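K.L.:
Sequence and predicted structure, then a few things I'm wondering about:
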Amino acid sequence: MTDLRLRTRKELRAEIEIKRSRFIAIARRVSSVEEARAVLADARAEFPDARHHCSAYVVSQRDTHAVLNSSDDGEPSGTAGRPMLDVLTGHNMTDVSVVVVRYFGGTLLGTGGLVRAYSDSVRAVLSDARLVKQEVYRKQRITARHALAGKVEAELRGRGYEVVDVNYGVTTVEIDVAVADPEAFAAEVAQLSAGGAAPLDVGTVIHEVPAGKFPTW
(Lines give C-alpha, C1' and ligand atoms only; values in the text may rest on other atoms or scores of the structure.)
Protein backbone atom coordinates (compact mmCIF):
# COMPACT_ATOMS: atom_id res chain seq x y z
CA MET A 1 0.00 0.00 0.00
CA THR A 2 1.07 3.60 -0.57
CA ASP A 3 2.90 5.29 2.28
CA LEU A 4 1.32 8.51 3.46
CA ARG A 5 3.05 11.56 4.91
CA LEU A 6 1.91 14.72 6.64
CA ARG A 7 1.56 17.51 4.13
CA THR A 8 2.62 20.17 6.61
CA ARG A 9 6.04 20.35 8.21
CA LYS A 10 4.64 22.43 11.05
CA GLU A 11 4.26 20.76 14.42
CA LEU A 12 0.76 19.51 15.26
CA ARG A 13 -0.66 19.40 18.79
CA ALA A 14 -3.76 18.16 20.58
CA GLU A 15 -4.75 17.52 24.17
CA ILE A 16 -7.28 15.19 25.75
CA GLU A 17 -8.18 14.60 29.41
CA ILE A 18 -9.21 11.26 30.88
CA LYS A 19 -10.02 10.97 34.59
CA ARG A 20 -7.98 14.10 35.30
CA SER A 21 -4.90 12.76 33.47
CA ARG A 22 -3.76 15.16 30.73
CA PHE A 23 -2.46 13.67 27.49
CA ILE A 24 -0.64 16.20 25.30
CA ALA A 25 0.06 14.80 21.82
CA ILE A 26 2.72 16.23 19.51
CA ALA A 27 3.28 15.17 15.90
CA ARG A 28 5.84 16.30 13.37
CA ARG A 29 6.88 15.25 9.88
CA VAL A 30 10.50 14.11 9.87
CA SER A 31 13.14 13.09 7.34
CA SER A 32 15.51 11.06 9.50
CA VAL A 33 15.80 9.09 12.72
CA GLU A 34 17.71 12.02 14.22
CA GLU A 35 14.81 14.37 13.48
CA ALA A 36 12.36 11.82 14.93
CA ARG A 37 14.33 11.60 18.17
CA ALA A 38 14.50 15.39 18.35
CA VAL A 39 10.69 15.54 18.72
CA LEU A 40 10.98 13.53 21.93
CA ALA A 41 13.93 15.57 23.18
CA ASP A 42 12.01 18.79 22.58
CA ALA A 43 8.96 17.44 24.43
CA ARG A 44 11.07 16.43 27.43
CA ALA A 45 12.61 19.91 27.52
CA GLU A 46 9.24 21.65 27.28
CA PHE A 47 7.43 19.40 29.78
CA PRO A 48 10.16 18.34 32.24
CA ASP A 49 7.71 17.77 35.12
CA ALA A 50 5.45 15.32 33.24
CA ARG A 51 5.43 11.72 34.48
CA HIS A 52 5.63 10.11 31.04
CA HIS A 53 6.89 11.08 27.59
CA CYS A 54 5.80 8.17 25.40
CA SER A 55 6.82 8.10 21.76
CA ALA A 56 6.60 6.36 18.40
CA TYR A 57 8.00 7.04 14.98
CA VAL A 58 8.21 5.62 11.46
CA VAL A 59 11.05 6.78 9.21
CA SER A 60 11.39 5.60 5.61
CA GLN A 61 14.73 4.33 4.30
CA ARG A 62 15.72 4.21 0.66
CA ASP A 63 15.82 0.66 -0.74
CA THR A 64 15.13 -0.99 2.61
CA HIS A 65 12.51 -1.32 5.32
CA ALA A 66 11.39 1.70 7.32
CA VAL A 67 12.73 2.23 10.84
CA LEU A 68 10.01 1.74 13.47
CA ASN A 69 10.44 2.63 17.12
CA SER A 70 8.26 3.07 20.19
CA SER A 71 8.72 3.69 23.91
CA ASP A 72 6.38 3.27 26.89
CA ASP A 73 8.57 5.50 29.08
CA GLY A 74 7.53 3.93 32.36
CA GLU A 75 3.97 3.02 31.49
CA PRO A 76 3.14 -0.71 31.72
CA SER A 77 4.75 -2.57 28.83
CA GLY A 78 2.76 -2.41 25.60
CA THR A 79 0.21 0.15 26.80
CA ALA A 80 1.60 3.35 25.28
CA GLY A 81 4.34 3.38 22.66
CA ARG A 82 3.18 0.30 20.77
CA PRO A 83 -0.47 1.39 20.53
CA MET A 84 0.76 4.78 19.27
CA LEU A 85 2.91 3.06 16.65
CA ASP A 86 -0.02 0.82 15.66
CA VAL A 87 -2.10 3.91 14.82
CA LEU A 88 0.67 5.16 12.53
CA THR A 89 1.32 1.86 10.76
CA GLY A 90 -2.37 1.03 10.61
CA HIS A 91 -2.91 4.14 8.51
CA ASN A 92 0.23 3.60 6.37
CA MET A 93 1.96 6.66 7.83
CA THR A 94 5.69 7.19 7.38
CA ASP A 95 8.23 9.91 8.09
CA VAL A 96 6.32 10.93 11.18
CA SER A 97 7.22 11.16 14.86
CA VAL A 98 4.65 11.43 17.67
CA VAL A 99 5.06 12.02 21.39
CA VAL A 100 2.33 11.86 24.02
CA VAL A 101 3.13 13.64 27.28
CA ARG A 102 1.11 12.48 30.29
CA TYR A 103 0.42 14.37 33.47
CA PHE A 104 -0.98 11.79 35.91
CA GLY A 105 -4.33 12.75 37.37
CA GLY A 106 -4.33 10.42 40.36
CA THR A 107 -6.61 7.72 38.96
CA LEU A 108 -5.25 4.51 37.46
CA LEU A 109 -6.67 3.82 34.01
CA GLY A 110 -5.82 0.14 33.75
CA THR A 111 -4.17 -1.59 30.83
CA GLY A 112 -7.07 -1.22 28.43
CA GLY A 113 -7.66 2.37 29.47
CA LEU A 114 -4.05 3.31 28.81
CA VAL A 115 -4.05 1.67 25.37
CA ARG A 116 -7.17 3.61 24.41
CA ALA A 117 -5.84 6.87 25.86
CA TYR A 118 -2.55 6.77 23.99
CA SER A 119 -4.16 5.56 20.76
CA ASP A 120 -6.83 8.25 20.96
CA SER A 121 -4.18 10.90 21.64
CA VAL A 122 -2.42 10.07 18.37
CA ARG A 123 -5.71 10.05 16.49
CA ALA A 124 -6.57 13.41 18.01
CA VAL A 125 -3.32 15.11 16.98
CA LEU A 126 -3.57 13.71 13.45
CA SER A 127 -7.31 14.28 13.16
CA ASP A 128 -8.10 15.93 9.82
CA ALA A 129 -4.39 16.41 9.05
CA ARG A 130 -3.76 16.82 5.33
CA LEU A 131 -1.78 13.94 3.84
CA VAL A 132 0.33 13.44 0.73
CA LYS A 133 1.66 10.46 -1.16
CA GLN A 134 4.81 10.33 -3.23
CA GLU A 135 4.83 9.37 -6.91
CA VAL A 136 7.62 9.10 -9.47
CA TYR A 137 7.27 11.79 -12.12
CA ARG A 138 9.40 12.54 -15.17
CA LYS A 139 11.72 15.51 -14.79
CA GLN A 140 11.42 17.76 -17.82
CA ARG A 141 13.95 20.53 -18.45
CA ILE A 142 13.04 23.70 -20.33
CA THR A 143 15.83 25.91 -21.64
CA ALA A 144 14.63 29.41 -22.40
CA ARG A 145 16.02 32.87 -22.97
CA HIS A 146 16.19 35.11 -19.92
CA ALA A 147 13.49 37.38 -21.30
CA LEU A 148 11.08 34.45 -21.66
CA ALA A 149 12.02 32.27 -18.67
CA GLY A 150 10.21 34.28 -15.98
CA LYS A 151 6.93 34.20 -17.86
CA VAL A 152 7.18 30.46 -18.59
CA GLU A 153 8.01 29.61 -14.96
CA ALA A 154 5.17 31.74 -13.58
CA GLU A 155 2.66 30.25 -16.02
CA LEU A 156 3.69 26.68 -15.18
CA ARG A 157 3.41 27.30 -11.44
CA GLY A 158 0.04 28.88 -12.03
CA ARG A 159 -1.12 25.73 -13.79
CA GLY A 160 -0.12 23.59 -10.81
CA TYR A 161 3.23 22.22 -11.98
CA GLU A 162 6.02 21.75 -9.45
CA VAL A 163 9.17 23.59 -10.51
CA VAL A 164 11.92 21.59 -8.84
CA ASP A 165 14.95 23.61 -9.89
CA VAL A 166 15.91 26.77 -11.79
CA ASN A 167 19.47 27.38 -13.03
CA TYR A 168 20.51 30.69 -14.59
CA GLY A 169 23.18 30.61 -17.26
CA VAL A 170 24.86 33.43 -19.13
CA THR A 171 22.27 33.65 -21.86
CA THR A 172 19.64 31.04 -20.97
CA VAL A 173 17.73 29.63 -18.00
CA GLU A 174 17.12 25.92 -17.29
CA ILE A 175 13.81 25.17 -15.57
CA ASP A 176 13.26 21.62 -14.25
CA VAL A 177 9.64 20.56 -13.80
CA ALA A 178 7.99 17.44 -12.31
CA VAL A 179 5.61 16.07 -14.97
CA ALA A 180 3.11 13.22 -15.00
CA ASP A 181 2.29 13.40 -18.73
CA PRO A 182 5.31 14.50 -20.80
CA GLU A 183 3.39 14.71 -24.08
CA ALA A 184 0.72 17.02 -22.69
CA PHE A 185 3.42 19.05 -20.96
CA ALA A 186 5.35 19.50 -24.22
CA ALA A 187 2.20 20.84 -25.88
CA GLU A 188 1.64 23.32 -23.04
CA VAL A 189 5.24 24.54 -23.19
CA ALA A 190 5.01 25.05 -26.94
CA GLN A 191 1.85 27.09 -26.47
CA LEU A 192 3.25 29.15 -23.58
CA SER A 193 6.52 29.94 -25.33
CA ALA A 194 5.10 30.38 -28.82
CA GLY A 195 7.44 27.64 -29.94
CA GLY A 196 10.43 29.27 -28.27
CA ALA A 197 11.08 26.46 -25.78
CA ALA A 198 10.87 22.67 -25.79
CA PRO A 199 11.21 20.28 -22.81
CA LEU A 200 13.98 17.69 -22.52
CA ASP A 201 13.54 14.55 -20.41
CA VAL A 202 16.36 14.46 -17.84
CA GLY A 203 15.28 11.63 -15.54
CA THR A 204 12.82 11.20 -12.69
CA VAL A 205 11.83 13.11 -9.58
CA ILE A 206 9.70 12.28 -6.54
CA HIS A 207 6.55 14.39 -6.58
CA GLU A 208 4.07 14.72 -3.70
CA VAL A 209 0.37 14.71 -4.49
CA PRO A 210 -2.59 15.27 -2.14
CA ALA A 211 -3.98 12.13 -0.50
CA GLY A 212 -6.90 13.50 1.49
CA LYS A 213 -7.15 13.85 5.26
CA PHE A 214 -6.26 11.53 8.10
CA PRO A 215 -9.37 9.42 8.76
CA THR A 216 -11.15 9.88 12.07
CA TRP A 217 -12.06 6.21 12.51
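P.N.:
In hand now; what should we look at?

K.L.:
got a list of what Ala66 touches?
P.N.:
Applying C-beta atoms under 8 Å, 6 or more residues apart in numbering to Ala66 gives the contacts Asp3, Val58, Val59, Ser60, Thr94. All C-beta spots, glycine's among them, are computed from the backbone N, C-alpha and C.

K.L.:
Can you classify the third one by secondary structure?
P.N.:
Spelled out, it's Val59. strand (DSSP: H, G, I helix; E, B strand; the rest coil).

K.L.:
Okay, it and Val67: tell me how far apart.
P.N.:
Distance, Val59 to Val67, by C-beta to C-beta, to the nearest Å: 5 Å.

K.L.:
Of these two, which one has the most company?
P.N.:
Using other C-beta atoms under 10 Å, the more surrounded residue of Val59 and Val67 is Val59, with 20 against 14.

K.L.:
Next, the contact list for the more buried one, please.
P.N.:
With C-beta under 8 Å, 6+ apart, Val59 has these contacts: Val30, Ser31, Ser32, Val33, Ala36, Ala66, Val67, Thr94, Asp95, Ser97.

K.L.:
again, only this time at 10 Å
P.N.:
Val59 makes contacts with 30-37, 66-69, 94-97, as judged by C-beta atoms under 10 Å, 6 or more residues apart in numbering.

K.L.:
Okay, and which of those map to helices?
P.N.:
Val33, Glu34, Glu35, Ala36, Arg37 (DSSP state H).

K.L.:
can you list those residues in CSV and add pLDDT?
P.N.:
As requested, those are exported to CSV (pLDDT from 0 to 100):
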residue, pLDDT
Val33, 97
Glu34, 97
Glu35, 98
Ala36, 98
Arg37, 98
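
K.L.:
Distance check, the nearest residue to Glu11 once chain neighbours are set aside against Ser121.
P.N.:
Excluding its sequence neighbours, the residue lying closest to Glu11 (C-beta to C-beta, 6 or more residues apart in numbering) is Arg28, at 4.9 Å. Separation of Arg28 from Ser121 (C-beta to C-beta): 15 Å.

K.L.:
Repeat that for Arg37.
P.N.:
19 Å.

K.L.:
where exactly do the strands run in the protein?
P.N.:
4-6, 12-18, 21-29, 52-61, 64-71, 96-103, 130-145, 162-168, 172-179, 199-213 (DSSP state E).

K.L.:
For the ones you listed, state which one has the densest average packing.
P.N.:
strand 96-103 (a mean of 26; mean count of other C-beta atoms under 10 Å).

K.L.:
So what are the sheet partners of that strand and their directions?
P.N.:
strand 21-29 (antiparallel), strand 52-61 (antiparallel) (DSSP bridges).

K.L.:
and of these, who's closest to Glu208?
P.N.:
strand 21-29 (11.1 Å; C-beta to C-beta).

K.L.:
Between strand 130-145 and that closest one, find me the angle.
P.N.:
20 degrees (axes from the mean of the first three to the mean of the last three C-alpha atoms, to 10 degrees).

K.L.:
could you give the mean pLDDT of strand 21-29?
P.N.:
Mean pLDDT, computed over strand 21-29, is 98.

K.L.:
same deal with stretch 42-53?
P.N.:
98.

K.L.:
Adjust the sequence numbering to begin at 800 for everything that follows.
P.N.:
With 800 as the first residue, the last one maps to stretch 841-852.
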